[in-house]
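# What would the 3D arrangement of this be:
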Amino acid sequence: MNRKLNLFLSLTLALAFVMAACAPASTLTEAPTTEPPAVDAPTEAAATEAPAEDPLAALAEESKGETEGLLVHSIMGENNWAPVIDAFNAKYPWITVTALDLGTTETFEKYYTEAAGGARTADMIITSSTDGWQDFIAKGELQVYNPVNIEGMPDFATLADGVYAVSTDPMIIIYNKQLVTTPPETMEAVAAFASDPANAGKIVTYDAEKNGTGYGINWFWAANKGDAGWVTLETIGKSNVNMQTSAGNMVNAVLTGEASVGYFVSAISVFPKFPDAEPILGYSYQKDGQVVLVRGMGITKAAASPASAKLLMEFILSAEGQIAWADGGLTPYRPDVADKAKYHLQNVIDAVGEENIIPFFFDPNIASADNRAAFLAKWKTAFGRP
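Next comes the predicted model:
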């Protein structure tokens, strides 16, 4: 990716960076504040020749004393994680990684419960809940680490001090090729499809009231589109939409013909279906407003294996880690893998145009309980819910 990509989100995320800088920092910050992180990722030779000056070599040695493995609360499934864990273990075979697939806000809720009881809990959390992250930081539960491999990444890769982007995943439109003659490529086209009485009950999407990801997608899309966006949602809402709490269920509904069209569907549940699903399943980026879900990762205050967590964070930000995520169906953003990864944010930008990218960011408004209640009340009205 190039300067164009840095530009497209820098203004959008400016407010988020200011807010993050003002958030209370964890007292367990591991990275020294007096010394900046190294610019270049260490090499094998550097680790052998000067281990004392190589932070990754030091972390690797420290991690060998962490006997409880590495536990991650995440929102990705086993198939998404598999190529990442395989590649990570090729470098650090002594670290046993356990990655749980949880709900967007469950990643935090499970941590809070376990940490309060003194039980083994997550060393790292990966989730897209921007409101959840802001609350997590405010509670002092984030262990801030400044990774070496953040150097040279786009500005938006740093969501907050200690929270970094794993991937930039588009929320896309999917359709059953055998049931849809004119595939929709915009939300307006989905609304037009919904306007046909014959298509009642044949559209599937996230339940914004019951799913944190669905809430975030609808929040950022509606905030970008304004009143016109709400008119579109109201039109779709009249068609008895099939609401789901997981993207996997949405994809299966379209594959089986239970639904003909899905919108705001997480690409990580779609891309791994290919090429097997090619005869039935089609997809399109949303060309009139493409929501991009930014997955954030951070290390927890209660981490039992902090060195292992830091190594995983470094790996995820590395070129090798970003390519591995693409192999698992996620969309990387690291500039130097744009021509190597199976999927990449630059491809999304090229398809829809920079002006149509709608990214997740640490919007302080989304973290307000009152704002959430007001938004969901309006959303429920649009979809005919009491």
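# which element is Pro275 on?
Assessed by DSSP states H and E, Pro275 sits outside every helix and strand.
# Ile316 touches Gly328, doesn't it?
No - applying CB atoms under 8 Å, one finds Ile316 not in contact with Gly328, separated by 11.4 Å. Using the backbone N, CA and C atoms, a C-beta is placed for each residue, glycine as well.
# Quick one: low-confidence residue ranges for the protein.
Along the chain, the model assigns pLDDT under 70 to residues 1-53.
# helices and strands around the single longest strand found in it, which ones?
For the chain, the longest strand by residue count, based on DSSP state E, is strand 163-176. Here strand 163-176 touches strand 158-160, helix 247-256, strand 261-266, strand 281-284, strand 290-300, helix 306-317, helix 319-327, helix 345-352, going by 3 or more CB pairs under 8 Å, 6 or more residues apart in numbering; DSSP states H and E.
# highest average neighbour count across these?
The highest mean neighbour count among those, using mean count of other CB atoms under 10 Å, belongs to strand 261-266: a mean of 27.
# Extract the CA atoms of that strand and return them as PDB.
Taking Å, rounded to 0.1, in the frame of the first residue of the first chain, the C-alpha atoms of strand 261-266 are listed here in PDB:
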ATOM      1  CA  VAL A 261     -29.200 -11.900  -0.800                       C
ATOM      2  CA  GLY A 262     -27.100 -11.000   2.300                       C
ATOM      3  CA  TYR A 263     -25.600  -7.600   3.100                       C
ATOM      4  CA  PHE A 264     -23.100  -6.400   5.700                       C
ATOM      5  CA  VAL A 265     -21.700  -9.900   5.600                       C
ATOM      6  CA  SER A 266     -18.200 -10.400   7.100                       C
END
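# quick one: contacts of it?
Strand 261-266 is touched from outside by 169, 171-176, 180, 184, 187, 190, 193, 199, 202-206, 213-214, 217-218, 221, 236, 247, 250-251, 253-254, 283, 286, 291, 293, with contacts defined as CB atoms under 8 Å, 6 or more residues apart in numbering.
# Could you verify my assumption that Lys238 touches Ala194?
Yes - using CB under 8 Å, Lys238 is in contact with Ala194, at 6.9 Å.
# Who has more neighbours out of those two?
When Lys238 and Ala194 are compared for neighbours, Ala194 comes out ahead with 23 against 15, by other CB atoms under 10 Å.
# Would you mind naming the residues that bridge with the nearest residue to Pro359 once chain neighbours are set aside?
Leaving aside its sequence neighbours, Pro359 sits nearest to Val292 (CB to CB, 6 or more residues apart in numbering; 4.7 Å). Under DSSP bridges, the beta-bridge partners of Val292 are Pro170, Pro359.
# Ok, Val163 next?
Under DSSP bridges, the beta-bridge partners of Val163 are Ala160.
# Give me the neighbour count for it.
Neighbours of Val163 using other CB under 10 Å come to 22.
# what do you get for the one 5 residues further on?
Here the count is done by other CB under 10 Å, and Thr168 has 28 residues near it.
# Identify the residues contacting it.
Counting by CB under 8 Å, 6+ apart, Thr168 makes contact with 292-294, 331-333, 345, 348, 359.
# Closest to Ala277 out of these?
Proximity of the contacts of Thr168 to Ala277 (CB to CB) peaks at Thr331, which lies at 18.1 Å.
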